[in-house]
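A.B. asks: just coords:
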């Protein structure tokens, strides 16, 4: 049984790299200093993983900005408007990538940046590739080659990580009409082959190809392309261990396609697909020599792994496949969680007695390694100690009065039952239209605002809520140049003090009736790690009821207008795949948040900025 990791945070444990990036972008340091800082972050990450007992360590999971943007640079998918730019630096592709992500002033003309979009249902945003008809791809492999050499030279067993060709095309967009980007696979695949050949000459043993496109329902044509691409790669490189990594919730239609992909290792997300394992126990898979990598540790949330639950899954896989055909890892890259819970050293963020419930990236590495050792049962004393400690943590969380508050449960129970039964709650307000705002029962146009709202606004409001906490050092990257400290919803939510007692009008405005801003429930939830010991809907309804009480308290003492900042509504409105249940939930959360007394509430769509 091997342990491996899908990816690791890359902003630096103390924001080392992100700070250096900001200085470089402002012209305060040279490129050489930025490259050295990036190298030190990579080395620290590799050492951390090796010390934790991870056998196959990812390389090329580090990015100077974004991994999808890196893939655009790697294969020369450069939008035409950036192709004439030149940079007099040691690594010009680095500056080119920054220009593509941020835009660039060239001879008094601003070149528009590439679009950024949500990385599926995470907090992260990736740069969207742009494709033209008959696009020519050109290999620019400096980064991936150098990082692979670097890892091997330092004694690690590196596993290069690369976005797979199917997902690279599907995650992009056409900038011309009359063709579909998947038609470019014939031009793109030879470049993947050329790249792997170059790595192969450097004694490449393992290659992880990420195909998150399995998260969306593949068409019949796409499924044929998946089989064609990986059949070709496996034929060209028969000695290479290709790991096809999938993550997120998979549509049932894609599962047979995944099982048949001709690669040596298939990685599956068992956090979001707990029933998926049984699909691989059919004779079609069992009779092969394929290895199944179990994504058993949650790389998107920060709760400790329940060893008893995970070991039941691992032992089931071992019975069918044997230890040589089972690997362990996180379900997806650990870039979506903070670095290390051990950095939280005082009570100003997470309380000491609560810290044991949480697992950040470093702790998740330890969980993977521990689960592998326990499942093989080679050290009975070690296994016994680990299981006892883990059981105590699970029991502590299940029974904690910090988490479970009977009063809150009683208030929410009828609302929750009504929602789960009807999928809507009649609260006397109009349903969401696109776009509208709610003002004491009236419809008004949305305020569409490009202003950036700072993260400190919602953290200050959360200080009035019980059941939610913000760490001090839990930074997570949400875009190449941006990170936030997500909130942690750990327990039942209620108002712990009256927010109006601390609110005073701004004298500079000359009136007590100015507008104030509060981050709305949808965006608070999106920017939070959410408890997993109860249904998501129950947590969401608790949050909305608590916000309603806070807004009511505020309206009684002064401001006539409260703006609910809801940047997530833009994502919701532009999602063509939203379901009736999601629509009902969005409706009800906003309705529950609105206070009943007179007063104007505006729903403001804006971009949320971090305080970093």
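C.D. replies: Noted; the coordinates are in hand. Since we're looking at a predicted model, the values are computed, not measured.

A.B. asks: Model confidence score at the residue nearest to residue 403 when sequence neighbours are not counted, please.
C.D. replies: Using C-beta to C-beta, 6 or more residues apart in numbering and skipping residues adjacent in sequence, the residue nearest residue 403 is residue 491, 3.7 Å away. To be clear about C-beta, it is placed using only N, CA and C from the backbone, and glycine gets the same treatment. Residue 491 carries a pLDDT value of 96.

A.B. asks: number of nearby residues for residue 491?
C.D. replies: 24 (other C-beta atoms under 10 Å).

A.B. asks: mind checking the SS state of it?
C.D. replies: Three-state call for residue 491 (DSSP: H, G, I helix; E, B strand; the rest coil): strand.

A.B. asks: where's it relative to residue 363, distance?
C.D. replies: 20 Å (C-beta to C-beta, to the nearest Å).

A.B. asks: follow-up on the earlier one: touching, the residue nearest to residue 403 and residue 398? I think so.
C.D. replies: No: in this structure, residue 491 is not within contact of residue 398 by C-beta atoms under 8 Å, at 11.8 Å.

A.B. asks: wait, is residue 384 part of a helix?
C.D. replies: Yes: the assignment for residue 384 is a helix, going by three-state DSSP.

A.B. asks: just checking, what packs against the helix or strand where residue 374 lies?
C.D. replies: Using DSSP states H and E, residue 374 sits within helix 361-376. Applying 3 or more C-beta pairs under 8 Å, 6 or more residues apart in numbering; DSSP states H and E, one finds that helix 361-376 contacts strand 2-3, helix 31-51, strand 291-297, helix 307-321, strand 326-330, helix 380-399.

A.B. asks: tell me the most buried of those?
C.D. replies: strand 326-330 (a mean of 26; mean count of other C-beta atoms under 10 Å).

A.B. asks: Listing partners with orientation, what would you give for that one?
C.D. replies: When pairing is defined by DSSP bridges, strand 326-330 lines up against strand 2-3 (parallel), strand 291-297 (parallel).

A.B. asks: what inclination does that strand have with respect to helix 307-321?
C.D. replies: 150 degrees (axes from the mean of the first three to the mean of the last three C-alpha atoms, to 10 degrees).

A.B. asks: just to revisit the earlier point, can you list the neighbours in contact with the helix holding residue 374?
C.D. replies: If you take C-beta atoms under 8 Å, 6 or more residues apart in numbering as the criterion, helix 361-376 is touched by 1, 3, 5, 8-9, 48-49, 52-54, 296-299, 304-305, 307, 310-311, 314-315, 318, 323, 328-330, 334, 337-342, 359, 379, 382-383, 386-387.

A.B. asks: Same question for stretch 216-235.
C.D. replies: 164-166, 170, 182, 185, 189, 192-193, 196, 211, 213, 242, 244, 251, 253-254, 257, 260-264.

A.B. asks: one more time with 6 Å, if that's ok
C.D. replies: 165-166, 185, 251, 253-254, 257, 261-263 (C-beta atoms under 6 Å, 6 or more residues apart in numbering).

A.B. asks: Where does pLDDT dip in the stretch 501-612 of the chain?
C.D. replies: Under the criterion pLDDT under 70, the flagged ranges of the stretch 501-612 of the chain are 502-515, 558-560, 573-577, 597-600, 603-612.

A.B. asks: one more time with 90, if that's ok
C.D. replies: For the stretch 501-612 of the chain, applying pLDDT under 90 flags the ranges 501-520, 522-523, 526, 548-612.

A.B. asks: Distance from the chain centre to the helix or strand hosting residue 488, please.
C.D. replies: Element membership for residue 488 (DSSP H and E) is strand 487-495. Centroid separation for strand 487-495 versus its chain: 21 Å, with C-alpha atoms, centre = their mean, to the nearest Å.

A.B. asks: Partner strands of that strand and their direction?
C.D. replies: Sheet pairing for strand 487-495, using DSSP bridges, gives strand 465-470 (antiparallel), strand 528-530 (parallel).

A.B. asks: between those, which gets nearest to residue 563?
C.D. replies: Minimum separation from residue 563 across the strands paired with strand 487-495 (C-beta to C-beta) falls at strand 465-470, 18.9 Å.

A.B. asks: Would you confirm that residue 298 contacts residue 271?
C.D. replies: Yes: between residue 298 and residue 271 there is a contact under C-beta atoms under 6 Å: 4.7 Å.

A.B. asks: ok, those two, which is more surrounded?
C.D. replies: With neighbours defined as other C-beta under 10 Å, residue 298 and residue 271 compare such that residue 298 has more, 25 against 22.

A.B. asks: show me what contacts that one?
C.D. replies: With C-beta under 6 Å, 6+ apart, residue 298 has these contacts: residue 271.

A.B. asks: how about a cut-off of 8 Å?
C.D. replies: Contacts of residue 298 (C-beta under 8 Å, 6+ apart): 271, 305, 330-331, 364.

A.B. asks: Please, where are all the helices along the stretch 101-250 of the chain?
C.D. replies: Taking DSSP state H, counting those that start in this stretch as the criterion, the stretch 101-250 of the chain contains helices spanning 142-153, 165-170, 185-200, 220-236.

A.B. asks: who wins for proximity to residue 155 among the helices and strands packed on helix 361-376?
C.D. replies: helix 31-51 (8.6 Å).

A.B. asks: any idea of the angle the closest one forms with helix 142-153?
C.D. replies: 50 degrees.

A.B. asks: about what we covered before: with pLDDT and distance to residue 92 as added columns, please give the contacts of residue 298 in CSV.
C.D. replies: Converted to CSV, those look like this (pLDDT from 0 to 100; distance: C-beta to C-beta, whole Å):
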residue, pLDDT, distance to residue 92
271, 96, 40
305, 98, 43
330, 98, 34
331, 97, 36
364, 98, 36
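
A.B. asks: In terms of distance to residue 40, which of those ranks first?
C.D. replies: Of those, the one sitting nearest to residue 40 (C-beta to C-beta) turns out to be residue 364, at 22.1 Å.
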